[in-house]
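# Can you look at this prediction? I've put the sequence above it.
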Amino acid sequence: MGTLHHHPFLIHYQGGAGDHVVQIRAGRTVRSGVGQSFWLRAGRCALAEVPTANRSHSFLLQVPSADQQNVNAQVAVTYRIEDAEAAAAHYDFGLYPREAGTDAQGMWQIDETVTRIASCTLASAIGAMPLASAISGSLESVGELLVEAFASNAQLRATGVLVVDARLMSLRPDEGVESSLRAPLLEKLQAEADRALYERRALAVERESQISENELRSKLELARKRADLVDQEGHNNRREAEEKAAADAIAAEAEARRIETIAKANEEDWKRVGGAKIANEAAYVRALAEAGPDVVRAFALKEMAHNMPSIGSLTITPDMLSEVLSTFAGSAKAGR
């Protein structure tokens, strides 16, 4: 908002970047623009300051439906002043002269105009439909009617006001009626929630059953594999035993053949050795028979001495020695 600096007989005006000032003298506009700065003589002219920025205006309206039920409509409108001179001519934007303690009412007056246009449009549109239709599915269509009403309003065009955006935010009945209308919906939502909960529980039970079935199937498959493994191990053990038995049989047969061969060889050796020994024994017996009894006795004593245990000491008496020498001498004479 621009500022006025008062001096004796003179006033200095300094406008802002968003303030369009209109200087009027003798009913004629002598200066108009944004961001102006100038001097003026006190009491010789009037100043009007019009904001050019977008302004948002939200309000709540209550209009009756065709079945005499109140509908609460929330509206949001954004507008700006395109023609500052026209707006200054129709609305109160006076800056100077002005009584101390009073403010310009131009923006409030435009807000009232916008609210009145919206009220008339909504009353005409919602008054032609029952409550159920008004609060369900009509928000977009009624909002389009509201936009068309602002765009075609002659008063707004004449006063330099342009509606940039107009939106119907909501259409709702009174609180008591809304509660009664909401009850079936809440029951339906609760029923759907219960059904969804039941479906989730049923799905959880089904999944748990599938998990248990899969676990059982896995256990059965594991048991079958273990049985197959046991059968395979038994088959392998039997085959190993059979192969070992066959190898043992072959080894036993080979050993038997080896023993048989050795036995035959030994038998032949024994036959040869036995024959030679028998011949030797026969010759030995013949020699002993030809040698006489004394030689035989001497060989017998030799063999006896050879087979007797070793004797540490032997005591021979003179009598025994005389008898042995006599016997030996007699034998020698007989031999001659």
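Received the coordinates, thanks. Source: prediction; values computed, not measured.
# In the stretch 151-300 of the chain, what residue spans correspond to strands?
Ranges of strands in the stretch 151-300 of the chain, per DSSP state E, counting those that start in this stretch, are 161-173.
# where does it dip in pLDDT?
Of all residues in the stretch 151-300 of the chain, those with pLDDT under 70 make up the ranges 176, 178-183, 185-186, 273-275, 278, 281-282, 284-285, 288-300.
# Can you identify each of the helices in it by residue range?
154-158, 175-291, 293-307 (DSSP state H, counting those that start in this stretch).
# Can you redo the ones you listed as JSON lines, where the extra columns are distance to Val63 and mean neighbour count?
Backbone N, C-alpha and C define where each C-beta goes, glycine included. Output for the helices of the stretch 151-300 of the chain, formatted as JSON lines (distance: least, CB to CB, whole Å; neighbours: other CB atoms under 10 Å):
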{"stretch": "helix 154-158", "distance to Val63": "21", "mean neighbour count": "13"}
{"stretch": "helix 175-291", "distance to Val63": "14", "mean neighbour count": "10"}
{"stretch": "helix 293-307", "distance to Val63": "154", "mean neighbour count": "11"}
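# Format these as JSON lines; extra columns: distance to Leu168.
Shown next, in JSON lines, are the helices of the stretch 151-300 of the chain (distance: least, CB to CB, whole Å):
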{"stretch": "helix 154-158", "distance to Leu168": "18"}
{"stretch": "helix 175-291", "distance to Leu168": "17"}
{"stretch": "helix 293-307", "distance to Leu168": "146"}
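# just so I know, which of those helices lies nearest Glu82?
helix 154-158 (9.4 Å; CB to CB).
# how about the nearest residue to Phe59, chain neighbours excluded?
Thr115 (5.4 Å; CB to CB, 6 or more residues apart in numbering).
# hang on, isn't the one you found packed against Leu60?
No: counting by CB atoms under 8 Å, Thr115 does not reach Leu60; the two are 9.9 Å apart.
# Please say which of the two ends up with more neighbours.
Thr115 (16 against 12; other CB atoms under 10 Å).
# Could you verify that the more buried one is part of a strand?
No: assigned with DSSP: H, G, I helix; E, B strand; the rest coil, Thr115 falls outside any strand and is helix.
# quick one, what contacts it?
Contact analysis of Thr115 by CB atoms under 8 Å, 6 or more residues apart in numbering lists 57, 59, 61.
# Same check on Val63?
With CB under 8 Å, 6+ apart, Val63 has these contacts: 70-71, 73, 119, 122-123, 126-127.
# ok, the closest residue to it other than its chain neighbours - how many residues close by?
Distances taken as CB to CB, 6+ apart place Ala123 nearest to Val63, at 4.5 Å, with adjacent residues excluded. Neighbours of Ala123 under the rule other CB under 10 Å: 16.
# And for Ala118?
23.
# looking at the helices of the stretch 151-300 of the chain, which is closest to Val50?
helix 154-158 (14.8 Å).
# Need the three-state assignment for the residue nearest to Val63.
helix.
# re earlier: now the buried members of the contacts of Val63.
By neighbour count, with 16 or more other CB atoms under 10 Å, these hold 71, 73, 119, 122-123, 126 as buried.
# Need the max-distance pair from the residues you listed.
By the measure CB to CB, Val71 and Ser119 form the most distant pair in the buried ones among the contacts of Val63, at 12.1 Å.
# Any idea how far apart the tips of stretch 115-135 sit?
Its start and end residues considered, stretch 115-135 measures 21 Å (CA to CA, to the nearest Å).
# Quick one: distance of it to the chain centre.
52 Å (CA atoms, centre = their mean, to the nearest Å).
# what sits against the residue nearest to Ile110 when sequence neighbours are not counted?
Using CB to CB, 6+ apart and skipping the chain neighbours, the partner closest in space to Ile110 is Val161 (5.8 Å). By CB under 8 Å, 6+ apart, the contact set of Val161 is 79-82, 87, 110, 113-114.
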